[in-house]
Each structure stands twice: as C-alpha cells, then as structure tokens.
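Undergrad: Here is my input; please provide its structure:
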Amino acid sequence: MTPTPPERDEPGAPDPVRPRREFLRNAALFTGTALALGGGLELLTRRPGAGEAAGEPLVQAPRPTGPYDTTEAVTPWAQATSYNNYYEFGLGKDDPARLAGGLKTRPWTVLIDGEVRKPVRVDIDTLQSWFPLEDRVYRMRCVEGWSMVMPWLGFPLAALLRRVEPTGGAKYVKFTALHDPDQFPGQHTSLLDWPYVEGLRLDEALHPLTLMAVGLDGRVLPNQNGAPLRLVVPWKYGFKSIKAVVRITLTREQPQTTWALAAPDEYGFYANVNPAVPHPRWSQATERRIGELRRRPTLPFNGYAEQVAHLYAGMDLHRFF
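TA: Down below sits the predicted model:
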C-alpha cells in the first residue's frame, strides 16, 4: 500500500529513484501550471485583484524576522514548487506541478464544526480577512529523508480555534482535504482511503508554531503546495501538513488519519521528527536538504524542541511515533 520512498537516509548514498536532476529539470514547470486565483489574500499593504496568478509576488518589502523563524537559507522558489509529495495528483515528485493547474480554488469554503460553540462554514476569502497574516520561515522535514526551508504566509490555527470556541469536550482536531476525483486524478486509485485526513491533539493545534498557510514566499500559495489552505506543523513530518483543507472538526476522540490507517507500523499519529527513531525501512538520522549535495543530521523535533518538547513530557517517544 505504501510507496517506497525516493530517498535512502544514509550518508553519501545515491537516491534510488528520481535523482537530483529531477527537480533541476522541473525548475520552470510552475510558470506553466499556475492557476489564476480570485482576490482576498491581504498581504501587508494590499489585496491582490481578481485574476492575479498563483505565485505572483505580492510583498515587496523585506520579510520581518519572527520569534520562531529559522535563519537558514530558504529553498529556492523553483525547487519548492516543483518537488512535492501530493498523492492526489500522483506519485511522482513532478506530478503536482504538472497537474495542479486545473484545481479550482475559488469558490472554496471551509467548515469548522464538532466540539465548538460557534460552528461555521466560511468562504476562504472571508476566512483570510479575519486574521492578520504572518510570515513564518520554517524548516520542513519529509518522512522520506529530504528537507526544505519554506517561507510560509498564514495565520495561527489557534486564532481560528479561539474564534469558534472549543467546548470542554474538545481533545483533538481533525482536518479533511477536498475529495474530488475530477480534479485529483490520484483519487481514482486505491492507494489511500480518500479523502486525505490528518489530526492533531488540541494542545498541538493551539501551539503558536502551528500555522494555516495561504501563501508562500509572499505570494499566493501555489496549487501544488496546498492551495488555498494548508496546515503547517513544522516539528512533525511533512505528511501531517495536510493540503487543500475543506473541513476542521474538533473531536473528543483521536481521529483516524490517512497514513496511520494505510501503514500503522510506519506512520504514527504523532509523527514528530525524531532522528533516534528509524522508520521501519530506513534511518531518520540524517536528511538531504533540497539544493545541497551533502546530507546533514536531523534535529529532534526538526529543530523546534525548545518550543514543543514539553508537549510530550512523560511520553515514550520511541513508542508514540
């Protein structure tokens, strides 16, 4: 059921599938696949007009440094938008950039429901207008053993959850992605149980690092990177950061998540980046930063241990992977 990952996490080991030339060859793919989006993305000084393209620069001022930002070099735009896992479009790293252009991200609504006092279904543009958008430069570590540094634009998930007022019964947050095989060719396969579902514990969702992204590098979020709304949880493996979110449900019970159902011995609910706990089929001790030749050590919690390790005090992090 689970595809073999395209990386071997061993220092100096060649990539067994899709070598480094893949993302170099695909560097220009995004220009041809960007989808024209409607307005509503308010970025610092102005709101883009209807018809501005995904990826069009919207912020010209220097990016401010925030309290959680990494100072590591940002992954170039061409690589960040052409080397993606997005199985709704296919298994190849270049499939999302080739095929995502037809995804319609307007109109788009998001339902927030479950254990909340103020459930709401809201248009994506209205949702974005509720919160000031923030730049966040985060490390991103894929469970396959590669990594990037991504300059997201979005709002803290905590701000949205406070607005809908969780009840005392809310313990978890379940996220559901769009299910539309007409737009997602990969959903015609039985690779996963669609729609894609992910989840967080409520305290994880409320952590200030947890972001709902609507932009990338000061630009409208490209379809292949999860437009129009993507979860970003930087201390967890990338598959937790669900794309194309259409529903956020607060629950009493831990939700059944897509990859944990597909391969429970390989992809746990927590999915915290932990170099000391190998995947059953490869090591997690090192990673290949996209754009670099040498591998580098993987950091516990992807370098965010100081901010989030307390959330897991007393837990066996070898067991709760």
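Undergrad: Tell me the spacing between residue 176 and residue 298.
TA: 29 Å (Cβ to Cβ, to the nearest Å). From N, CA and C alone the C-beta is placed, and that goes for glycine too.
Undergrad: all helices of the stretch 201-321 of the chain, in order?
TA: Along the stretch 201-321 of the chain, the stretches classed as helices by DSSP state H, counting those that start in this stretch are 202-205, 258-262, 305-308.
Undergrad: Residue 201: neighbouring residues, count only.
TA: Applying other Cβ atoms under 10 Å, we find 16 residues neighbouring residue 201.
Undergrad: Quick check, pLDDT for residue 318.
TA: The confidence metric pLDDT takes the value 83 at residue 318.
Undergrad: before we move on, what about residue 208?
TA: You'll see residue 208 listed with a pLDDT of 97.
Undergrad: just residue 321 next, same as before
TA: 81.
Undergrad: ditto for residue 39
TA: The predicted local confidence for residue 39 is 29.
Undergrad: try the one 4 residues further on
TA: On pLDDT, residue 43 comes in at 35.
Undergrad: Kindly report the same for residue 113.
TA: Reading off the per-residue confidence, residue 113 sits at a pLDDT of 98.
Undergrad: Isn't it up against residue 251?
TA: No. Using Cβ atoms under 8 Å, residue 113 makes no contact with residue 251, being 9.9 Å away.
Undergrad: what's the neighbour count on residue 252?
TA: Per other Cβ under 10 Å, the neighbour tally for residue 252 reads 12.
Undergrad: I'd say it and residue 174 touch.
TA: No. In terms of Cβ under 8 Å, residue 252 does not count as a neighbour of residue 174; the distance is 10.8 Å.
Undergrad: Export stretch 175-184 to CSV, keeping only CA atoms.
TA: Included here for stretch 175-184 are C-alpha records, laid out as CSV according to Å, rounded to 0.1, in the frame of the first residue of the first chain:
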residue,chain,number,x,y,z
PHE,A,175,-8.6,18.0,9.2
THR,A,176,-10.2,16.8,6.0
ALA,A,177,-9.0,17.6,2.5
LEU,A,178,-11.0,18.1,-0.7
HIS,A,179,-12.3,14.9,-2.2
ASP,A,180,-12.9,15.5,-6.0
PRO,A,181,-11.6,12.8,-8.4
ASP,A,182,-12.5,15.0,-11.3
GLN,A,183,-9.8,17.4,-10.1
PHE,A,184,-7.5,15.0,-8.4
